[in-house]
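Participant: After the sequence you'll find the predicted model.
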Amino acid sequence: MPREMTMDKSKMVVVEGSYAVAHSVKVCRPNVISAYPITPQTHIVEDLSQFMADGEIPNCEYINVESEFSALSALVGSSAVGARSYSATTSQGLELMHEVLFNVSGMRLPIVMTVANRAVSAPISIWNDQQDSIAQRDTGWIQLYAENIQEASDMTAQLFKISEDKDIMMPSMACMDGFILSHVYEPVVLLEQDITDEFLPPFNPERTLDPSNPLTFGAFADPNYYTEFRYLQEQAMQTALKKIETVADEFSDMYGRYFGGLIDEYQTEDADIIIMAMGSIVGTIKDVIDRLRENNVKVGLLKVRAFRPFPAEAIKNVIKDAKVVVVLDKNISLGMNAGALFIETKSVLYNTDIDVPVTGYMIGHGGRDIPTSTIDKIIDDAKEIMKSGIKTESQFTDLKEELV
Amino acid sequence: MNQISLLAPGHSGCAGCCDAMAAKFTLMGAGDNCIVVSPTGCLEVMTTPYPETSWDVPWIHSLFENAGAVASGIEAGLKALGKKEKTKVIAMGGDGATLDIGLQAISGAFERGHDFTYVCIDNEAYMNTGVQRSGATPYNASTTTSPAGKVSFGNPRPKKNMPAIIAAHGSPYVATTSLAYPKDMIAKVKKATEIEGPTYIHCHAPCTTGWGFDTSKTVEVAKMAVKTGLWPLYEMENGVVTKVRKIGKVKAPVEDYLKMQRRFKHLFTMEGGEEEIAKIQDIANMNIEEYGL
């Protein structure tokens, strides 16, 4: 349910999204930051570098690595010795990390990484979509998607707390839309050091690389053992489902801000049409809903904040009484002609009593603008589906037919 | 010198395994207050079949190509936590993980100047996957991906000069070692780990399985590589050769080394083999001249 936020306007400052995130990282007291520059992540690591140069992050080493592959690999080492470890990347950089992503989660290292979501080459594009992080969905990283700069900033502290929980110990990505959030200036409340110190305890893992108690990390597991490692990772993800909610609640209590736990809802209670989406597009949708509600169109929004672990029960609970569910995806699973959120949503409805039509739109690829008129058109389609059923399950949005 | 082996027996290395010897000597030089990183390879597989381990020091394996980066992170993490002063960081990997797939991460780690020691255990091919050629495979060695055949004498290229590459990064200490000279290796590892900054040990490590010699001959083969001048033992400090192990006036001909090993057997049976052996002798002669062996 939507909650009242007690945003103290006197505390608000107008900063770039990247700065807000860098500030959050700083007050989380990281011990090792390791990153390689890539647009549009650069401002985050530049701001962190300046904090380091000004001596504002105590007990921290910043490693200027020679690639994203090494950026995350270095954090394998630092996290394993018990250092709170952070990186930021996007797009090609995230894809270059692919092998390391599995390794980090398999070794249960609670690294937190900001992903300034960007399209993937070819064709090369520096603009926003969410193909990069969606392509890493099976790597065992918790993924939260931010709606705005404040949420991207707040999420950073939440994710350290979630990832470092002794019952979870899984890495996480704070996904924020590249440029749309990373390079935009908005009024935000920067995380306070004193509250954050109370909210986020120091990183104190049970097992580290320590000569006084020599342990072996990263052993090889034969078929007698491998399955159980995967099973335990999945158990940790299921535990994270609850923890994401409780940490969002704790954050809300301490900072007075709440952007949802696993999901958030907007005008869903009586909605016939429910739109599902992740990231900054949520703001645009809310504007459209506000306007349509004035004309008594019963439309609501289900914001999916956690994509991994996937909040199946929370989603089912919200959409079970809707007449149409519309899923927007800034990604595509090529060969499936559908986006990931659409595919996952449909899959969790199977074997249930819920019988609601679900239609998918692949939207905003490679930074293609998403005007409110596009959302209007999608909602018009949904009204048609209510009357006469689904004709097209999943489709590209705003496709320029003349170019194909 | 630490007399207690920090690498427990019972691992699954072959009889006469070079990796086990090299790891043991490295730990004897480094002592027990260290953290070891190993990339993927024989050493990793044979010493850590879950839930067992041979390592009596903290040890981590991440991936094949990132030992340099993982070591960087360990060093940085220890520094940030105020624990670096007392703990040494060692990366220990094979020639494939060092000269080929892991080179970029190692280059980055040396360029950034992390305080750690990298030990390359060079057995001159990808042994863990079945003796495929690497950038460290010597000229004319027959491997499974550079086999000798009717129109091939085996690997067509000489070894990549990894110590020179590391020295070019400005490393304060680079040394070559051999399994035939354990005291020399242990002393060099000790020195490397005591010098601040990124230091490098390149250990020539004959592999009984991959090279094709009797499991009792690892040390003899290693010694012959040194005696012929094919594997010079030297130290470089800040890019300058400061010490060389002389091998005496009478150098062994390279045939004495080559004929001990199956991987060079074709040079003694194929037409034109003599000329090829002469080319290998030229490599030894160049080493003898360059390092004043």
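Facilitator: That came in fine, so what should we check first? These numbers were taken from a predicted model, which means no experiment stands behind them.
Participant: Identify the residues contacting residue A:221.
Facilitator: Contact analysis of residue A:221 by C-beta atoms under 8 Å, 6 or more residues apart in numbering or on different chains lists A:229, B:50. (Glycine included, C-beta is placed from N, CA and C.)
Participant: switch to 10 Å and redo it
Facilitator: Shown in contact with residue A:221 (C-beta atoms under 10 Å, 6 or more residues apart in numbering or on different chains): A:106, A:227, A:228, A:229, A:230, B:48, B:49, B:50, B:51.
Participant: who touches residue A:315 in this structure?
Facilitator: Contact analysis of residue A:315 by C-beta under 10 Å, 6+ apart lists A:262-263, A:274, A:276, A:302, A:304, A:325, A:341, A:344-345, A:348-349, A:354.
Participant: just to revisit the earlier point, tell me the buried residues within the contacts of residue A:221.
Facilitator: A:106, B:48, B:49 (16 or more other C-beta atoms under 10 Å in any protein chain shown).
Participant: Find the closest residue to chain A in the stretch 151-293 of chain B.
Facilitator: Of all residues in the stretch 151-293 of chain B, the one sitting closest to chain A is residue B:169 (11.8 Å; C-beta to the nearest C-beta).
Participant: So that residue is in contact with residue B:106, correct?
Facilitator: Yes. Taking C-beta atoms under 10 Å as the definition, residue B:169 is a contact partner of residue B:106 at 8.9 Å.
Participant: Please enumerate the shared neighbours of those two.
Facilitator: Jointly contacting residue B:169 and residue B:106 under the rule C-beta under 10 Å, 6+ apart are B:198, B:200.
Participant: More neighbours: which of the two?
Facilitator: Counting neighbours by other C-beta atoms under 10 Å in any protein chain shown for residue B:169 and for residue B:106 shows that residue B:106 has the greater number, 31 against 18.
Participant: Pipe the contacts of residue A:315 into CSV and attach secondary structure, distance to residue B:272 and neighbour count per row.
Facilitator: Formatted as CSV, these follow (DSSP: H, G, I helix; E, B strand; the rest coil; distance: C-beta to C-beta, whole Å; neighbours: other C-beta atoms under 10 Å in any protein chain shown):
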residue, secondary structure, distance to residue B:272, neighbour count
A:262, coil, 71, 23
A:263, strand, 73, 21
A:274, strand, 78, 27
A:276, strand, 71, 25
A:302, strand, 75, 28
A:304, strand, 69, 25
A:325, strand, 74, 27
A:341, helix, 65, 24
A:344, helix, 64, 21
A:345, helix, 68, 24
A:348, helix, 69, 16
A:349, helix, 72, 19
A:354, coil, 77, 17
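Participant: Among those residues, which one sits closest to residue B:221?
Facilitator: Closest approach to residue B:221 among these (C-beta to C-beta): residue A:344, at 57.7 Å.
Participant: can you give me the end-to-end distance of stretch B:57-73?
Facilitator: End-to-end distance for stretch B:57-73: 18 Å, by C-alpha to C-alpha, to the nearest Å.
Participant: Would it count as contacting chain A?
Facilitator: Yes. Using C-beta under 10 Å from any C-beta of the partner chain, stretch B:57-73 reaches chain A at B:57-73.
Participant: What's the mean pLDDT across stretch A:118-127?
Facilitator: Confidence for stretch A:118-127, expressed as mean pLDDT, is 98.
Participant: list the buried ones in that stretch?
Facilitator: Residues of stretch A:118-127 classed as buried by neighbour count (16+ other C-beta under 10 Å): A:118, A:119, A:120, A:125, A:126, A:127.
Participant: So the second one is in contact with residue A:128, correct?
Facilitator: Spelled out, that is residue A:119. Yes. Contact criterion C-beta under 10 Å: residue A:119 and residue A:128 qualify, at 7.0 Å.
Participant: For residue B:239, which non-adjacent residue is closest in space?
Facilitator: Nearest residue to residue B:239 in three dimensions, chain neighbours excluded: residue B:167, at 5.0 Å (C-beta to C-beta, 6 or more residues apart in numbering or on different chains).
Participant: picking that back up, pull out the buried residues from the residues of stretch B:57-73 next to chain A.
Facilitator: B:57-73.
Participant: In chain A, what residue lies closest to chain B?
Facilitator: Closest to chain B within chain A is residue A:77: 3.0 Å, counting by C-beta to the nearest C-beta.
Participant: quick one: what helix or strand has the closest residue to that residue other than its chain neighbours in it?
Facilitator: Of all residues not flanking residue A:77 in the chain, residue B:73 sits nearest, at 3.0 Å (C-beta to C-beta, 6+ apart). Using DSSP states H and E, residue B:73 falls within helix B:67-80.
Participant: Check the gap between the residue of the stretch 51-200 of chain B found nearest chain A and residue A:78 for me.
Facilitator: Here the stretch 51-200 of chain B gets closest to chain A at one residue, residue B:73, 3.0 Å apart by C-beta to the nearest C-beta. Using C-beta to C-beta, to the nearest Å, one gets 4 Å for the distance from residue B:73 to residue A:78.
Participant: what residues are shared contacts of those two?
Facilitator: A:32, A:34, A:61, A:63, A:85.
Participant: which helices and strands does the helix or strand that contains residue A:286 pack with?
Facilitator: Using DSSP H and E, residue A:286 maps to helix A:281-294. Under the contact criterion of 3 or more C-beta pairs under 10 Å, 6 or more residues apart in numbering or on different chains; DSSP states H and E, helix A:281-294 touches strand A:263-266, strand A:273-277, strand A:299-304, strand A:324-329, helix A:372-388.
Participant: residues making contact with the next helix or strand along the chain from the longest one?
Facilitator: Pointing back at helix A:372-388 there. As assigned by DSSP H and E, the chain's next helix or strand after helix A:372-388 is strand A:394-396. Here strand A:394-396 makes contact (C-beta under 10 Å, 6+ apart) with A:327, A:329, A:332-333, A:336-339, A:342-343, A:346, A:358-363, A:365, A:368, A:378, A:381, A:404.
Participant: Could I get the average pLDDT for strand A:394-396?
Facilitator: 98.
Participant: Over to stretch B:100-112?
Facilitator: 98.
Participant: ok, so of the buried ones among the contacts of residue A:221, who is nearest residue B:290?
Facilitator: For those, the nearest to residue B:290 is residue B:48 (39.1 Å; C-beta to C-beta).
Participant: how about the buried ones among the contacts of residue A:221 in CSV, adding distance to residue A:40 and pLDDT?
Facilitator: Shown next, in CSV, are those (distance: C-beta to C-beta, whole Å; pLDDT from 0 to 100):
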residue, distance to residue A:40, pLDDT
A:106, 29, 98
B:48, 40, 97
B:49, 44, 97
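Participant: Reformat the residues you listed as TSV; add secondary structure.
Facilitator: Formatted as TSV, those follow (DSSP: H, G, I helix; E, B strand; the rest coil):
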residue	secondary structure
A:106	helix
B:48	coil
B:49	strand
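Participant: Right, I'll call it a day here.
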